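Colleague: With the sequence up front, the predicted model follows.
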Amino acid sequence: MRGRSRAGSVKSRRRKPAAPKRPSGAEAARSRSSSAEPESALLSELAEARQQQTATADVLRIISSSSGELEPVFSAILENATRLCQAEFANLFLVEGEAFRNVALHGAPPTFIEARRQQPLLRILKDSNTVLNRMAAVKKPVQIEDIRMEPSYRGDSQRQRFLDQSGARTVLGVPLLRDNELVGGIAIYRQEVRPFGEKQIALVQNFAAQAVIAIENARLLSELRQRTTDLTEALEQQTATADVLSVISSSPGNLEPVFQAMLEKAVSICNAKFGTLFRFDGSAFHLAARVNTPAALAEFQKKRGPFLPPSGSNLDRMMKTKQVQHSADDAAEPVPAQGLRLGGARSIVHVPMLQSEQLVGALVIYHQEVRPFTEKQIELLKNFAAQAVIAIENTRLLNDLNKLNQQLEQRVADQVGEIERMGRLRRFLPPQVADLIVASGTEKQLESHRREITALFCDLRGFTGFSESSDPEDVMALLRDYHAAIGESIVKYSGTLERFAGDGVMVIFNDPVPVENPALQAVLMALDMRTAIGAMIEKWRLLGHDLGFGIGIAHGFATLGTIGFEGRYDYAAIGTVSNVASRLCDEAKPGQILISPRVMLAVDKTVTVEPVGEFELKGIRRPINVLASSSSKRN
């Protein structure tokens with residue numbers, strides 16, 4: 001009771017405040033709506049960005065797993081482009097001569113699909129106003145808001161049929177460019193008049209870039225497969241050659257095993273039924289070796305002994321011309337060989353064995369069906385014939401033959417090693433290093449060496465806090481934007497990516513590719529990067545993330561070369577210059593580019609430089625005067 005009394009007395013001494021006026025239902029709704037609109041727009045934008053990133057990742061995954069097949073890549077690109085751009089259908093063309101060839105369609109009406117099937121080629125006309133021809137002319141995206149209002153469509157019966165078949169109204173054409181050369185295009189259609197927005201156009205451009213990557217990958221893979229096939233075939237032939245040479249070297253003065261081994265290899269590699277090798281002594285042919293010869297023909301050859309061929313036969317023509325005689329079907333020859341009658345031979349090739357332009361023998365290979373020998377097979381047989389001549393040479397030539405064997409084996413090893421080396425270099429080393437090594441044919445550039453370079457180190461300020469407080473997807477999105485912007489600048493200013501770890505990136509100039517005034521290139525790249533990264537940072541700042549960007553640049557000597565282990569190598573620059581660049585970056589304020597005195601001496605006439613002060617840098621024995629680069633005097 002005492003407590004209630006005190007409470008009552010307090011109430012009696014204070015004046016009860018007036019109750020606040022409650023907003024009406026409409027006012028409250030408007031307040032909630034106004035506060036929710038930015039949040040809803042942001043969520044929508046993020047969802048859209050994630051959809052696009054997911055679609056991009058899906059296409060890249062298909063590219064990596066398609067083994068050079070373009071159809072699944074093109075289908076995925078068109079499906080994602082149509083869906084994300086809220087269009088009805090799309091098609092993809094590749095340039096073929098002076099025309100576009102329709103190679104992929106998605107969502108198109110059946111009548112349109114049938115029309116494209118019947119007419120897959122569309123000529124590229126410079127004076128035409130169709131979306132594809134405009135796109136081809138300017139090599140940029142072209143949009144027609146309403147095709148039906150275009151005079152070039154209304155006045156052409158064929159194009160009018162296209163409109164009737166497709167129902168198209170708004171169309172967007174985006175070119176596929178490789179090194180600014182037109183290789184194709186994507187056309188995406190809406191069946192209503194509703195123009196595509198800038199983001200949608202940019203999205204289709206991204207898909208077009210992925211299509212170009214897929215086309216280039218397919219081309220490279222096709223070349224690699226063809227080269228692998230050629231190498232495999234060459235390896236088989238060289239192995240057979242090496243085997244025969246091995247028999248030659250191990251059988252001095254004994255030609256029978258040499259001829260037999262040679263003939264077996266020739267029959268096997270040419271997928272022939274049987275074969276015969278004759279010696280020629282200037283007056284007659286003598287049987288020297290045979291493989292899989294049918295019994296009737298073998299018995300005839302045994303009884304016949306030394307002989308001269310019938311006049312007008314292929315063997316006779318070979319003897320007189322000393323040239324290869326190839327009969328696609330011996331049954332059609334005026335004078336068929338005994339192999340046709342007794343051995344069932346149809347396609348036959350006669351290869352002369354020549355020593356100093358003198359006929360010393362003949363290699364004859366038979367197919368029992370009409371199946372002409374290929375040029376490569378005939379070349380191989382000519383090679384075997386040459387080896388037979390070598391085998392006939394006296395023992396004085398054996399040393400030279402051993403050397404030839406070693407050269408052939410080394411050639412095979414070099415070719416196989418070259419393929420492995422190219423794959424390893426392009427996978428684990430910076431592109432400039434790998435390309436330089438492949439072009440030079442030696443890995444000497446990878447050996448440890450000392451050179452004067454400029455080192456640039458940059459990183460993001462506040463990235464650690466950002467990564468700890470943000471979704472992994474946002475962290476990865478930021479890094480993708482960040483690395484893409486840096487990568488573009490590296491290529492533009494001829495730098496070499498030495499390493500990157502998260503947001504920290506080290507770029508070197510003047511190695512392995514020499515660069516004129518590497519310090520100036522580094523500073524100009526830094527100014528370019530600051531602009532590009534600044535725009536990116538501002539975008540993330542609008543999303544509530546406080547990020548910054550700092551750069552340090554130093555010039556001096558470093559030791560460069562590969563470090564790592566078998567299967568995983570990196571190209572590294574080791575020395576004080578790298579440490580100074582990294583420490584200057586640590587000292588740089590957001591947006592600041594700090595340079596060493598040696599860099600200043602190289603760029604002072606081109607870039608505006610301001611002194612910052614003397615810094616004691618961690619790991620550096622002496623303090624150094626540090627300067628800041630603010631802008632290029634060219635501007």
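Modeller: Perfect, I can see it now.
Colleague: what's downstream of the helix or strand hosting residue 163, the next helix or strand?
Modeller: Taking DSSP states H and E as the criterion, the element that holds residue 163 is helix 157-166. Next helix or strand after helix 157-166 toward the C-terminus (DSSP H and E): strand 170-178.
Colleague: So what are the sheet partners of that next one and their directions?
Modeller: strand 142-144 (antiparallel), strand 181-190 (antiparallel) (DSSP bridges).
Colleague: Quick check: which helices or strands does the one helix or strand residue 299 maps to pack against?
Modeller: Assigned by DSSP H and E, residue 299 falls within helix 295-304. Identification of packing neighbours for helix 295-304 by 3 or more CB pairs under 8 Å, 6 or more residues apart in numbering; DSSP states H and E yields strand 285-291, helix 338-343. Heads up, the C-betas are built off the backbone N, CA and C, glycines and all.
Colleague: Could you state which residue of the chain sits nearest its centroid?
Modeller: residue 217 (4.3 Å; CA atoms, centre = their mean).
Colleague: What pLDDT is listed against it?
Modeller: If you check residue 217, the pLDDT there is 85.
Colleague: I'd guess it is in a helix, am I close?
Modeller: Yes. Per DSSP: H, G, I helix; E, B strand; the rest coil, residue 217 lies within a helix segment.
Colleague: is it true that it touches residue 70?
Modeller: No. Counting by CB atoms under 8 Å, residue 217 does not reach residue 70; the two are 9.0 Å apart.
Colleague: buried stuff in stretch 81-101?
Modeller: Buried residues in stretch 81-101, counted by 16 or more other CB atoms under 10 Å: 81-82, 84-85, 87-95, 100.
Colleague: Can you get me the start-to-end distance on it?
Modeller: Between the opening and closing residues of stretch 81-101 lies a distance of 19 Å (CA to CA, to the nearest Å).
Colleague: Average pLDDT for it, rounded please.
Modeller: For stretch 81-101, mean pLDDT rounds to 90.
Colleague: Turn the strands paired with strand 170-178 into JSON lines, columns for mean neighbour count and mean pLDDT.
Modeller: Formatted as JSON lines, the strands paired with strand 170-178 follow (neighbours: other CB atoms under 10 Å; pLDDT from 0 to 100):
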{"stretch": "strand 142-144", "mean neighbour count": "20", "mean pLDDT": "92"}
{"stretch": "strand 181-190", "mean neighbour count": "22", "mean pLDDT": "92"}
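Colleague: so can I have TSV of those showing distance to residue 388?
Modeller: TSV is the format used below for the strands paired with strand 170-178 (distance: least, CB to CB, whole Å):
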stretch	distance to residue 388
strand 142-144	67
strand 181-190	50
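Colleague: picking up where we left off before, right, and the helices and strands packed on helix 295-304 - which one's nearest residue 603?
Modeller: strand 285-291 (75.8 Å; CB to CB).
Colleague: can you list contacts of the closest one?
Modeller: For strand 285-291, the surrounding residues in contact (CB atoms under 8 Å, 6 or more residues apart in numbering) are 255-256, 259-260, 262-264, 267, 274-280, 298, 301-302, 306-309, 315, 361-362.
Colleague: Please flag which of these sit within helices.
Modeller: Taking DSSP state H as the definition of helices, the contacts of strand 285-291 contribute 255-256, 259-260, 262-264, 267, 298, 301-302, 315.
Colleague: Buried members of those residues into PyMOL, please.
Modeller: Buried residues within the ones in helices among the contacts of strand 285-291, by 16+ other CB under 10 Å, are selected in PyMOL with:
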select buried, resi 255+259+260+262+263+264+267+298+301+315
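Colleague: Can you pull the domain assignment for the protein?
Modeller: Domain ranges of the chain: 49-220, 251-393, 432-632, per automatic domain parsing.
Colleague: just the strands in the stretch 501-635 of the chain please.
Modeller: Assigned by DSSP state E, counting those that start in this stretch, the stretch 501-635 of the chain shows strands spanning 504-509, 548-565, 568-574, 593-595, 607-615, 624-632.
Colleague: Lowest mean pLDDT across those strands, which one is that?
Modeller: Lowest mean pLDDT of the strands of the stretch 501-635 of the chain: strand 624-632, a mean of 76.
Colleague: about what we covered before: separation between the residue nearest to the centre of the chain and residue 488?
Modeller: Using CB to CB, to the nearest Å, one gets 21 Å for the distance from residue 217 to residue 488.
Colleague: Can you tell me which of the buried residues of stretch 81-101 lies closest to residue 549?
Modeller: Closest approach to residue 549 among the buried residues of stretch 81-101 (CB to CB): residue 84, at 30.7 Å.
Colleague: so what's the backbone phi/psi at that closest one?
Modeller: Taking degrees, to the nearest 10, you get phi -70, psi -30 for the backbone angles of residue 84.
Colleague: again, but for the one 5 residues further on
Modeller: When quoted as degrees, to the nearest 10, the phi and psi of residue 89 stand at phi -160, psi 170.
Colleague: Residues that sit against both of residue 217 and residue 70, list them.
Modeller: Counting by CB under 8 Å, 6+ apart, residue 217 and residue 70 have no common neighbour.
Colleague: For the stretch 51-200 of the chain, which segments count as strands?
Modeller: 89-96, 99-106, 121-123, 142-144, 170-178, 181-190.
Colleague: Can I get those in a markdown table including distance to residue 409?
Modeller: Converted to a markdown table, the strands of the stretch 51-200 of the chain look like this (distance: least, CB to CB, whole Å):
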| stretch | distance to residue 409 |
| --- | --- |
| strand 89-96 | 43 |
| strand 99-106 | 44 |
| strand 121-123 | 50 |
| strand 142-144 | 58 |
| strand 170-178 | 40 |
| strand 181-190 | 42 |
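Colleague: Quick check: the gap between residue 391 and residue 411.
Modeller: 21 Å.
Colleague: more neighbours, the two?
Modeller: The neighbour comparison of residue 391 against residue 411 (other CB atoms under 10 Å) goes to residue 391, with 24 against 13.
Colleague: residues in contact with the more buried one?
Modeller: Taking CB under 8 Å, 6+ apart, we find residue 391 in contact with 248, 255, 258-259, 262.
Colleague: Just the buried residues of the helix or strand where it lies, please?
Modeller: According to DSSP H and E, residue 391 maps onto helix 375-392. The neighbour-count check on helix 375-392 (16+ other CB under 10 Å) flags 377-378, 380-392 as buried.
Colleague: hang on, the earlier thing: for the helix holding residue 299, which outside residues touch it?
Modeller: So helix 295-304 is contacted by 276, 287, 290, 293, 338-339, 342-343 (CB under 8 Å, 6+ apart).
Colleague: One more pass at 6 Å, please.
Modeller: 287, 342-343 (CB atoms under 6 Å, 6 or more residues apart in numbering).
Colleague: first to last residue in stretch 539-556, what's the distance?
Modeller: End-to-end distance of stretch 539-556: 36 Å, with CA to CA as the criterion.
Colleague: Work out the gap between that stretch and the centre of the chain.
Modeller: Put simply, stretch 539-556 sits 32 Å off its chain's centre (CA atoms, centre = their mean, to the nearest Å).
Colleague: next one: stretch 449-465
Modeller: For stretch 449-465, the distance to the chain centre is 28 Å (CA atoms, centre = their mean).
Colleague: on that earlier part again, nearest to residue 519, out of the strands of the stretch 51-200 of the chain?
Modeller: Among the strands of the stretch 51-200 of the chain, the nearest to residue 519 by CB to CB is strand 170-178 (33.4 Å).
Colleague: if we can go back for a sec, take the ones in helices among the contacts of strand 285-291 and lay them out in TSV including pLDDT and distance to residue 608.
Modeller: Shown next, in TSV, are the ones in helices among the contacts of strand 285-291 (pLDDT from 0 to 100; distance: CB to CB, whole Å):
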residue	pLDDT	distance to residue 608
255	79	84
256	83	87
259	85	83
260	87	83
262	84	77
263	89	81
264	89	79
267	90	79
298	90	93
301	89	93
302	88	97
315	93	87
